[in-house]
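Student: Just a sequence and a predicted model for now, questions to come.
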Amino acid sequence: MKMGSERPLILFAEASAADLEHYEQLKASATLVQSEQPISDGAVSFSEEELAKAEVLSVMVHSKVDRPLMDRMPNLRLIATRSTGFDHIDRLEAKDRGIAIAYVPEYGTDTVAEYTFALLLNLTRQSHKAYVRSLTGEFNFAGLMGTDLCGKTLGVIGLGRIGQKVARIAHGFDMNVVAFDPVVLRKSTDGLAAKLASLDEVLAGSDALAICCPLNESTHHLLSDREFGLMRQGVYLVNTARGAVLNTAALLSAIQTGTVAAAALDVLEEEGSVSEEAALSELVGHQLGSLHTLACNLALLRHPNVLVTPHMAYFSKEAVERIHRTTAANIHGFIGGVPTNIVQA
C-alpha cells in the first residue's frame, strides 16, 4: 500500500532512544518518533498531532491497538508489532480500515525454549527460594528438597517452533514428552520430538506442563477448572506463552489445593494491571471480571510456590537483535511497496 506522504511519520511505542539506532535505514526516507511508554487504555505519550499524521505504528505486546486508538490515527497504514503474537491488536478493525499488520514470525525459538527450562529447573530444584534465603544469611537447605526431571513426563501444550524446541530439550534431560496441538494433529507427525495425544491425555499423564501455544479464541482459558481437575496431584506448570491461556482463578485454586505443586509464570492474564501494584487507584473503572483477575494475580505474586517474571522469556541479546532487524525490514518493505510478514486476517 502506498504511503500518503513522501516522508511518512513512524511512531515507535515501548522503544528507547537506543532502540531507534537499529532503524537507521528508515531515517533516510521517514521521520521516526519514539516513546518508552506502552499504549494502554487510550493513554499515549505521543501528541494528538503525531497520532493524526502517523502512517506507521510499531508496538510491543504491552500496547493495546484498538478501535479508539485507530480513530485517533486516520492516516495509519501499517501496524508493525515487534512480536510473534498479535492478540494485542484488533485485527478485524484493522482489516475494515485497510490497515496492514506486520509481525516477527521467528526470533525467539531457542530463547523462549531455553527460558522455559530455566523456569522449570527453578521450580523443581527450588533454587529461587534458596537464593532469597541466602540473601538473609540463612545458609541452609532445610525444606528445599527438589525432584529430578530424568524419567518424568513433560506435557507440552502447543507444538509450534517453541514447543518443539522445548520437547527436544526435554529429551536431553531423559524426559518422556507428550504434546497436544490440534493443528499438528491434522498434519504429519514425522520428526516430532513428542508423542501426540489429546489435551485430556496430556494433562492426566504429565508430571510437568509447559504452555507454548498462542492466544486466540480457541486457546483463551484453555486450562480452567475442568482441566486442572484432570491433572496429577503435584504437577509443575510453566507458562511462557500468554497469560489468558490459563484461567487465573482456576490456576490459583489449583495451587492452593496442591494440584499444582508450583508454577512459573512469565506472563499473567491482564498483566498490565499489576505492573504497578501500588497504583490501586487504577481499580476504579475496571469491570468486575477484571477486578477478580487482578485480585487473583496479586495472590499469585505473593504465593510462595509461584515464581513470576516480567514477560521476559524473549529478552536475550540475540533475540532482540532479530526483532529489530525483522521489524526494520517489515517497515522498509511496506514503504517500498513490497510488504513482508503480513498477518492474514
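Tutor: That came through fine. Quantities reported herein were computed from a predicted structural model and do not represent experimental measurements.

Student: and the longest helix anywhere in the chain, what's its mean pLDDT?
Tutor: For the chain, the longest helix by residue count, based on DSSP state H, is helix 317-335. The average pLDDT within helix 317-335 is 96.

Student: now swap in stretch 238-252 and tell me
Tutor: Regarding stretch 238-252, the rounded mean pLDDT is 97.

Student: if I look at the residue nearest to A193 when sequence neighbours are not counted, how far off is V320?
Tutor: Of all residues not flanking A193 in the chain, A167 sits nearest, at 4.0 Å (CB to CB, 6 or more residues apart in numbering). Every C-beta, even on glycine, is put in place using the N, C-alpha and C of the backbone. The span separating A167 from V320 equals 25 Å under the rule CB to CB, to the nearest Å.

Student: Kindly report the same for F139.
Tutor: Distance from F139 to V320, counting by CB to CB: 36 Å.

Student: which of those two has more neighbours?
Tutor: Here F139 and V320 are set side by side on neighbour count (other CB atoms under 10 Å), and the busier one is V320, at 17 against 8.

Student: check contacts around the more buried one.
Tutor: Y314 (CB atoms under 8 Å, 6 or more residues apart in numbering).

Student: I'd like the distance between it and G42.
Tutor: Relative to G42, V320 is positioned 28 Å away (CB to CB).

Student: Can you point out the buried residues in the longest helix of the chain?
Tutor: 319-320, 322-324, 326-332, 334-335 (16 or more other CB atoms under 10 Å).

Student: Just the residues contacting the helix or strand of the chain with the lowest mean pLDDT, thanks.
Tutor: Of all the helices and strands that make up the chain, helix 182-185 has the lowest average by mean pLDDT, DSSP states H and E, namely a mean of 75. Contact partners of helix 182-185, identified using CB under 8 Å, 6+ apart, comprise L159, L192, L196, S218.

Student: 10 Å instead, please
Tutor: Identification of contacts with helix 182-185 by CB atoms under 10 Å, 6 or more residues apart in numbering yields 158-160, 163-164, 179, 192, 194, 196-199, 213, 218-219.

Student: same thing with stretch 132-140?
Tutor: Contacts of stretch 132-140 with the rest of the structure, by CB under 10 Å, 6+ apart, involve Q126, A130, F141, A142, G143, L144.
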